[in-house]
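Trainee: here is the input, now give the coordinates:
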Amino acid sequence: MRQIARHPLQLRAPSLLIGLLLVAPQALAAMELVKVEYVPFPSKDELRTIQLKAFDCSRENTAESCERTRALADPLMDHPRLPAACKDAIWDLLQTAKPAASNGFQRRDSIDKPARRLTVVCADPVKPKPTGPKPGSLTPSQT
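Mentor: The predicted structure follows:
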């Protein structure tokens, strides 16, 4: 009598299933131990403070004002919920908010541009509220 060759996956499937059943409870228990903490978006006031400090840095061109700007903006680079566009603006600000020998228009503008973008791209996105049916339109009960 000749034996029919079985596919390797057919041989491994039962042992794989048993292995998964043994590991699943431990994985679920580990997931309960790791609780993800909710991190809120930075407030508008916090973003506005960074923006104003950046404007001070561009205007005054002092080490103190520029260092304060970078110190306030740097923690936002590690914020888990901020979008990439926001982190790009923060990165630009961190790279340019440094005192320079001359305080020309290009230097001031290179600091002011990302500072202006902060309050737009880093703010908590507002979810649109569902609107009711427009006057004069058909409602689902009328169709």
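Trainee: quickly note the distance from the residue nearest the centre of the chain to residue 126.
Mentor: Closest residue to the average C-alpha location of the chain: residue 82 at 2.3 Å, with CA atoms, centre = their mean. Residue 82 sits 16 Å away from residue 126, going by CB to CB, to the nearest Å. Bear in mind the C-beta positions are built from the backbone N, C-alpha and C, glycine included.
Trainee: lowest-confidence helix or strand of the protein?
Mentor: Lowest mean confidence among the helices and strands of the chain (mean pLDDT, DSSP states H and E): helix 8-33, at a mean of 67.
Trainee: C-terminal to that one, what's the next element?
Mentor: Using DSSP states H and E, the helix or strand that follows helix 8-33 towards the C-terminus is helix 44-60.
Trainee: so residue 90 is in which element?
Mentor: helix 84-96.
Trainee: follow-up on the earlier one: sec struct for the residue nearest to the centre of the chain, please.
Mentor: Assigned with DSSP: H, G, I helix; E, B strand; the rest coil, residue 82 falls in the coil class.
Trainee: so what's it up against?
Mentor: Under the criterion of CB atoms under 8 Å, 6 or more residues apart in numbering, the neighbours of residue 82 are 41-42, 76, 90, 122.
Trainee: if you rank the residues you listed by neighbours, which is first?
Mentor: Ranked by the number of neighbours (other CB atoms under 10 Å), those place residue 90 first, at 25 neighbours.
Trainee: what sits against that one?
Mentor: 73, 76-77, 82, 114, 118, 122.
Trainee: do that again at 6 Å, thanks
Mentor: Applying CB atoms under 6 Å, 6 or more residues apart in numbering, we find residue 90 in contact with 73, 76-77.
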